[in-house]
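# Pasted the sequence and its predicted model underneath.
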Amino acid sequence: MIKRETRRETMDGGTAIDVVIFHGYKCTGYSCWLPWLKNELEERNCRVFTPSLPDSHDPQFEDWFSTGEDAIAQTSNPLIIIGHSVGGMLVYRLLEQANAEWHSRVRAVYTLGSPCKMRPVCQSFYFNELDWERLRRFAARLTVVWSTDDPVMPRCDNEPIALRLAPHVTHMIVDGHGHF
């Protein structure tokens with residue numbers, strides 16, 4: 001039997017891409033749809049990091065931020081960052097503090113069902129207003145995804161992003177996906 005090998009191209013035509021995916025409240029790096037997405041991206045020759053953020057039933061900013069920084073530090077290639085729910089709020093906070101080295105590697109940022117204003121479950125993330133000026137540096141690479149029937153993060157939680165980062169941020173509105 002002859003084994004046929006096919007070479008898969010990387011997502012951007014040759015350069016390896018690193019993807020970091022941050023889960024949300026009460027999840028892990030290996031729950032919900034994260035294993036599926038990790039597999040899909042790895043099949044496209046991406047290196048995928050899905051860290052389990054500590055104590056996801058009671059998210060604390062300092063612990064999550066430290067874990068997020070560690071995950072970003074493991075990357076060395078062009079970078080895609082994805083955050084779901086409170087993981088998206090972590091992404092916004094990481095982007096605020098992005099150093100020049102990894103800032104230049106960020107190719108795309110996606111948040112799904114993520115708050116950008118105070119929610120009781122993640123109060124420690126709201127020690128101050130988001131730094132909209134620093135986030136504007138990423139606006140052209142940021143896609144905010146939310147579902148019209150999301151019972152956890154309604155549209156009004158995402159509107160500040162549209163207002164503060166318009167017209168460069170991309171909003172993707174989907175029907176019937178709940179809180180993803």
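Looks like it came in fine.

# from here on, contacts and neighbour counts on C-alpha atoms
OK.

# what's the average pLDDT for the strand or helix carrying Ala71?
For Ala71, the enclosing helix or strand under DSSP states H and E is helix 61-73. Averaged across helix 61-73, pLDDT comes to 96.

# What is the worst-scoring helix or strand of the chain on mean pLDDT packed up against?
In the chain, the helix or strand scored least confidently by mean pLDDT, DSSP states H and E is helix 155-165, which has a mean of 74. Secondary-structure packing of helix 155-165 (3 or more CA pairs under 8 Å, 6 or more residues apart in numbering; DSSP states H and E): helix 132-136, strand 142-147.

# Now do the first one: everything it contacts.
What that stands for is helix 132-136. Outside helix 132-136, the residues that touch it by CA atoms under 8 Å, 6 or more residues apart in numbering are Tyr92, Leu95, Glu96, Arg164, Leu165.

# Could you tell me the end-to-end distance of stretch 39-56?
Terminal residues of stretch 39-56 lie 23 Å apart, using CA to CA, to the nearest Å.

# List the buried residues in it.
41-42, 44-54, 56 (16 or more other CA atoms under 10 Å).

# Could you do stretch 155-175 as well?
Arg155, Asp157, Asn158, Ile161, Leu165, Val169, Thr170, His171.

# looking at this, Ile80 is in a strand?
Yes: checked against DSSP: H, G, I helix; E, B strand; the rest coil, Ile80 lies within a strand.

# does it have beta-bridge partners, and which?
Ile80 has these beta-bridge partners by DSSP bridges: Val19, Ala108.
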